[in-house]
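[1] model this:
(chains A and B)
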Amino acid sequence: MQSEQTVRFLKKGAIWAFIVLELVFFSVAGHFLSLSEGAFMDLDNMLLLLKQSAPIGIIALGMTVIMINGNIDLSVGAIFAFSAVILLDSMTWAVFAGLGDWVIPVSWGLALLTGTILGAINGLIVWKTGVDAFIVTLGAMLGYRGLVFMYNGEQPTSELNWTLVDFAEAQFLGLHTATWFLLGCTLVLWLLMTRTVHGRNAYAIGDNREAAVNAGIRVGPHMMKNFMLIGFLSALSAVVFYSESGSVNPNDGSLYELWAITAVVLGGTKLAGGSGSVISTLGGVIAIQLLRKGLGYIGSDTETVNLVIGLILIAVLYLDRQLNRKGKEELRI
Amino acid sequence: MATITRSTITNVLAKQGILIAFVLFIIGFGLANSRFLAVDNVLGVIRSSAILGVIALGVTFVVISGNLDLSVGSMMSFSTIVVLDLHDKLGPLMAIPAMFALTMCLGAFIGFLVGYLKLNSLIVTLGMLSAIHGLTLTWSGGKNMDIADKQGTWFGIFGRGDVLGIPVPILFFALLAIVLSILLARTPFGRKVYAVGGNGTAATFSGIPRARIVFLSYVISSFCVACAGLLQASRSLGSQNTVGQGLELEVLAAVILGGASLLGGAGTVFKTVIGVLILGFIQNGLLLVGLAFYVQYVVTWVIIILAVWLDIAAKRGRFLSPIA
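    This is a model prediction of the structure:
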């Protein structure tokens, strides 16, 4: 019993232990290697880190729900870009010319609606055709990206609204706007996954779809709702990010799906579905961002970041398997 | 007595649907635009599909064995950069085998992780996508790689040369497709790849060395990636570090379009070639009609989902999914 608890504790707390390890390592290593004067664990530095985690983080939270559900979504990067284009372009539409700064909530609403609709299309196809979510969203990744290009050609879409920029750059109680969105989303999704019927059903379907169907859960509509959720969150991520930057290239957001999945897996959510936690994903997101920043801080280049993250991902997978095997005494073939 | 019944028709449609669609597509576009089927246009399309195609041939083995390979794009960037760099340091004759050896080491590493350690292939290759990209950047120092003497080298023949009027990349693609097709369809190894992908446990109990088959499928995939890197490097004689970025998912789209199942156990090299050609001809056809390159993304989206949907629908005998 004792060892079983240890294993469970190790699996749950692993990502946070890893974050602490990173902090200690970079603080000590930075003391000897860093060229900059400031300490690594400087408050401003950490606040900035949270802010920079937000765009991928918000998407990764949605990806957690999708993966607990036993699906995957590869189209989030394209949805992100399309929502961003709608956000920035709609602010210049003649219809809204008379609104003044009230155009901001309208544009936000439109962008979020766009993301939700694109997610709903994915969900509807998965539900009605029975094609695997991997293939559906792989296709959508190309298709939605094509729509982004068709909307505005190969030109970037730009619109700087200073009220919006001020809002996006504001700090409330020390935290940036983007950080608040990230933390807010984490809280809401945590409540959704642990305190509601929808959340329990998501775990049930991911664990054993057949059994869930037999238990009377309507699997199709349930999965569609989750795809709408991740579409909404991808759009929200775009809203948070582009309110500040004000310009979107048609290629923006490519590879976001892979970063989001990496964060989710680092957080310990299984690809097979049925287990995982939103909070751990937040840990995964922070761990990756910490690694990027830390390696930069001790003077490594981007190449090392990619190398290290890739190898850590594989190591996590290996360790996770070893821990699981001890727990279950699985049949070794 | 072969009587044509409704079920045989459905069967033929389900089995050869993608080929029929391809022929109809070619005829349709051929009638719409006379230049579409001109010899030089057809050769041009196949030539520009060759790099994607060569990779797709290898990924077909991985997918049939029931795994995924998301690292091929980043691996192709690696082999392209490495062969260009070694070209100036060792000379082309030594650079090519050295690059093949290095690339296949990466493939063997992935094969070891997925085959012998039985780790999830999606995550392993996702990690390797990132790791190999890092390796490439470390090798090149983040700079573009160029051959110093572009006029004086014979290295360009793989990507730019012609034999009897046929571009070398096409010959390369065709030769590799034939060899791998024989390997997959006519040898015991090929049958084992299907067995492992179809039902891994059953294959193990039948005495098939599952781990070794998976391992070898990744080595084959990395060999094909090295070939593609050679073609790419030879065609451009210089390259960015991100030359293969995003290729992994396009390759997968071509393989799926050809009818390989992501669950493993189904697909052929020939069908993958058809999948690659469909993507190439769609792109070309839309360009000839005067549409921008990005319209093909949307068309590809619709075609992939329709193709897989019809395939599934034929197998389960009803159009809509039975999920409530």
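
[2] going forward, measure contacts and count neighbours with C-alpha atoms only.
    Noted.

[3] any idea of the mean pLDDT for the helix or strand containing A:Val24?
    Using DSSP states H and E, A:Val24 sits within helix A:2-33. The average pLDDT within helix A:2-33 is 76.

[4] equivalent analysis for stretch A:280-292, please.
    pLDDT averaged over stretch A:280-292 gives 90.

[5] just stretch A:45-64 next, same as before
    91.

[6] now tell me what touches that stretch from outside.
    By Cα atoms under 8 Å, 6 or more residues apart in numbering or on different chains, the list of residues contacting stretch A:45-64 from outside reads A:72-73, A:76, A:174-179, A:181-182, A:185-186, A:189, A:229-230, A:233-234, A:236-238, A:240-241, A:256, A:259-261, A:263-264, A:269, A:276-278, A:281-282, A:285-286, A:289-290, A:293.

[7] among those, name the buried ones.
    Listed as buried from the contacts of stretch A:45-64 are A:72-73, A:76, A:175-179, A:181-182, A:185-186, A:189, A:229-230, A:233-234, A:236-238, A:240-241, A:256, A:259-261, A:263-264, A:269, A:276-278, A:281-282, A:285-286, A:289-290, A:293; burial here means 16 or more other Cα atoms under 10 Å in any protein chain shown.

[8] so of those residues, which ones are in strands?
    A:Leu175, A:His176 (DSSP state E).

[9] following the helix holding A:Val24, which helix or strand shows up next?
    helix A:43-68.

[10] which residues of the stretch 1-150 of chain B lie near chain A?
    Within the stretch 1-150 of chain B, the positions adjacent to chain A are B:119-120, B:123-124, B:126-138, B:142 by Cα under 8 Å from any Cα of the partner chain.

[11] hmm, 7 Å instead?
    B:Leu119, B:Val124, B:Gly127, B:Met128, B:Ser130, B:Ala131, B:Ile132, B:His133, B:Gly134, B:Leu135, B:Leu137, B:Thr138 (Cα under 7 Å from any Cα of the partner chain).

[12] so, low pLDDT: which residues of the chain?
    Picking chain A for this. A:1-12, A:34-38, A:302, A:324-333 (pLDDT under 70).

[13] sorry, should have said chain B
    If you take pLDDT under 70 as the line, chain B has these spans: B:1-15, B:324.

[14] would you map the helices across chain B?
    B:6-32, B:39-64, B:72-90, B:92-111, B:121-140, B:157-160, B:168-186, B:188-198, B:200-205, B:210-236, B:247-257, B:269-289, B:295-316 (DSSP state H).

[15] which secondary structure elements does the shortest one contact?
    Helix B:157-160 is packed against helix B:168-186, helix B:210-236, with contacts defined by 3 or more Cα pairs under 7 Å, 6 or more residues apart in numbering or on different chains; DSSP states H and E.

[16] got the contact list for residue 243?
    No chain in the question, so chain A it is. Contact analysis of A:Ser243 by Cα atoms under 7 Å, 6 or more residues apart in numbering or on different chains lists A:Leu164, A:Val165, A:Ala168.

[17] think we crossed wires, I meant chain B
    B:Ser77.

[18] check A:Ile72 too.
    A:Ile66, A:Ala133, A:Phe134.

[19] swap in 10 Å and give it another go.
    A:63-66, A:132-138, A:227, A:257, A:261, A:271-273 (Cα atoms under 10 Å, 6 or more residues apart in numbering or on different chains).

[20] give me the nearest residue to the residue nearest the centre of chain B, chain neighbours excluded.
    Closest to where the C-alpha atoms of chain B average out (Cα atoms, centre = their mean) is B:Ala56, at 0.8 Å. Closest residue in space to B:Ala56, ignoring its immediate chain neighbours: B:Val251 at 5.3 Å, by Cα to Cα, 6 or more residues apart in numbering or on different chains.

[21] in the stretch 151-300 of chain A, which spans are helices?
    A:162-169, A:177-195, A:197-207, A:209-214, A:219-245, A:256-266, A:278-297 (DSSP state H, counting those that start in this stretch).

[22] show me what the first one is packed against.
    Counting by 3 or more Cα pairs under 10 Å, 6 or more residues apart in numbering or on different chains; DSSP states H and E, the packing neighbours recorded for helix A:162-169 are helix A:103-129, strand A:175-176, helix A:177-195, helix A:219-245.

[23] any idea how far the residue nearest to the centre of chain B is from B:Arg210?
    22 Å (Cα to Cα, to the nearest Å).
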